[in-house]
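S.K.: only the shape, not the letters, is given here:
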Ligand SMILES: [Zn+2]
């Protein structure tokens, strides 16, 4: 089985609070930070053992690698206010708490440093445009960053718990199923026919398909999490061999960092035990900030990534071929092509209409329309 990123699967969980933790200062954190802590503690972010210190952050921004040279492209950071900085110092231990998650974690502070938000936004997103959702998030961060290792103490099971697996658990499942070549598919949308053909093309040469939707903070107009999961259940039951697929959620926020995030997405799936990672057109992009295949090109900088990227271009319906194809396999003129546009599908669904069956499976459309409000409002 593929080794976790950095060689060792990180596990930093305690089963209960230790007596000497009782007197520590507690800081409330939001769900996005809580997700990061769970991902650190369960090894989704291996080899990270905590929030980035200044040394690692500088290296990640400058070289797309941690200070020790391990590929790492997305900064995982804990930001605090100027007023908080007065009551904490290096080597302190503090408790981070999130009520919704019932999450408590111990943070051992390594360093406290200024959050250079403009540089952080510019380098991570390759733009400083405030319209970019990732840039907007960074510019609204607090003024200081705290680096240090974390240990997760408690956490309650969350919504969709039946779809939640830690890397340790997915690795056990893959082993049990006898899967050796495992394709990971990242998504944040219900499947249309283009997705299905892409997944099936990849699966033809592999043992298993790991469908891994991102669940977490969404934008207005995005599909709701329960809609994405239900639509995939429908697709798998009707059009996949269930023994060859696994549907599992990943709780993390989308950063919309395009190429840098494509590498991050691949690293997380490597930690789950996947050997291959599907990278589509404009992976993790938003608007027109990134070239359509910038998220393919960036993989050339990481010959040491170990998980193998599978690059795909868009799939479309060709009337002449009589099937769903892409521009590598169809020789016909554009007049025969019907493009599968997410925007078009969304429009049909918003109007409570079933999209044409040559772009989305009827069963999937019906599942989505079975929800009163499929979109985030
Ligand atoms: Zn054709």
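M.R.: Looks like it arrived, so ask away. Nothing here was measured: the structure is a model prediction, and the numbers come from that model.
S.K.: residues touching the residue lying closest to residue 165 once chain neighbours are set aside, list them.
M.R.: If the residues on either side of it in the chain are set aside, residue 165 comes closest to residue 248, at 4.9 Å by Cβ to Cβ, 6 or more residues apart in numbering. Every residue, glycine included, has its C-beta placed from N, CA and C. For residue 248, the residues meeting the contact criterion (Cβ atoms under 8 Å, 6 or more residues apart in numbering) are 163, 164, 165, 170, 210, 211, 212, 272.
S.K.: going by distance to the ion, which of the residues you listed wins?
M.R.: The shortest distance between the ion and any of these, using Cβ to the ion, involves residue 211 and amounts to 27.5 Å.
S.K.: does the closest one belong to a helix, a strand or coil?
M.R.: Put simply, residue 211 is strand when judged by DSSP: H, G, I helix; E, B strand; the rest coil.
S.K.: neighbours of it, how many?
M.R.: The number of residues packed around residue 211, counting by other Cβ atoms under 10 Å, is 24.
S.K.: and residue 232, by the same measure?
M.R.: Counted by other Cβ under 10 Å, the residues lying close to residue 232 total 23.
S.K.: and what of residue 24?
M.R.: Here the count is done by other Cβ under 10 Å, and residue 24 has 14 residues near it.
S.K.: does it touch residue 95 like I think?
M.R.: Yes - with contacts counted by Cβ atoms under 8 Å, residue 24 reaches residue 95, the gap being 4.9 Å.
S.K.: mutual contacts of those two, please.
M.R.: Here residue 24 and residue 95 have residue 106 as joint contacts, going by Cβ under 8 Å, 6+ apart.
S.K.: distance of residue 262 from the ion?
M.R.: Distance, residue 262 to the ion, using Cβ to the ion, to the nearest Å: 28 Å.
S.K.: and that residue, what element?
M.R.: When elements are assigned from DSSP states H and E, residue 262 belongs to helix 259-272.
S.K.: what about that helix, average pLDDT?
M.R.: For helix 259-272, the per-residue pLDDT values average out at 98.
S.K.: quick one, phi/psi of the closest residue to the ion within the stretch 1-150 of the chain?
M.R.: When you check the stretch 1-150 of the chain against the ion by Cβ to the ion, the closest residue turns out to be residue 126, at 35.3 Å. Dihedral angles of residue 126 (phi, psi; degrees, to the nearest 10) stand at phi 60, psi 30.
S.K.: if we can go back for a sec, before we move on, what's the pLDDT of the residue nearest to residue 165?
M.R.: In this prediction residue 248 is given a pLDDT of 98.
S.K.: could you check how far it is from residue 171?
M.R.: When distance is defined by Cβ to Cβ, to the nearest Å, residue 248 is 12 Å away from residue 171.
S.K.: could you name every residue contacting both of those two?
M.R.: Listed as contacting both residue 248 and residue 171 by Cβ under 8 Å, 6+ apart are residue 272.
S.K.: returning to that earlier point: out of the contacts of residue 248, which one sits closest to residue 356?
M.R.: Taking Cβ to Cβ as the measure, residue 356 sits nearest to residue 211 out of the contacts of residue 248, at 23.6 Å.
S.K.: which residues belonging to the host helix or strand of residue 199 are considered buried?
M.R.: Under DSSP H and E, the secondary-structure element containing residue 199 is helix 193-203. By neighbour count, with 16 or more other Cβ atoms under 10 Å as the criterion, the buried positions of helix 193-203 are 193, 194, 195, 196, 197, 198, 199, 201, 202, 203.
S.K.: got those as TSV, with pLDDT columns?
M.R.: Compiled in TSV, those are given as follows (pLDDT from 0 to 100):
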residue	pLDDT
193	93
194	92
195	94
196	95
197	93
198	93
199	96
201	94
202	95
203	97
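S.K.: enumerate the residues of the stretch 201-350 of the chain near the ion.
M.R.: Where the stretch 201-350 of the chain comes near the ion, counting by Cβ under 5 Å from the ion, the residues are 318, 320, 321, 330, 332.
S.K.: which of these ranks first by neighbour count?
M.R.: The most neighbours of any of those, using other Cβ under 10 Å, belong to residue 318, which has 21 neighbours.
S.K.: is that one in a bridge, and if so with what?
M.R.: Assessed by DSSP bridges, residue 318 has beta-bridge partners residue 323, residue 337.
S.K.: contact partners for it?
M.R.: Applying Cβ under 8 Å, 6+ apart, one finds that residue 318 lies in contact with 324, 325, 330, 332, 336, 337, 338.
S.K.: which ChimeraX command selects the buried ones in these?
M.R.: Here the buried members of the contacts of residue 318 are turned into a ChimeraX selection, burial being counted by 16+ other Cβ under 10 Å:
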select :324,325,330,337
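S.K.: can you redo the contacts of residue 318 as TSV with pLDDT and distance to residue 301?
M.R.: Conversion of the contacts of residue 318 to TSV gives the following (pLDDT from 0 to 100; distance: Cβ to Cβ, whole Å):
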residue	pLDDT	distance to residue 301
324	90	32
325	92	30
330	95	31
332	96	35
336	95	37
337	94	33
338	90	36
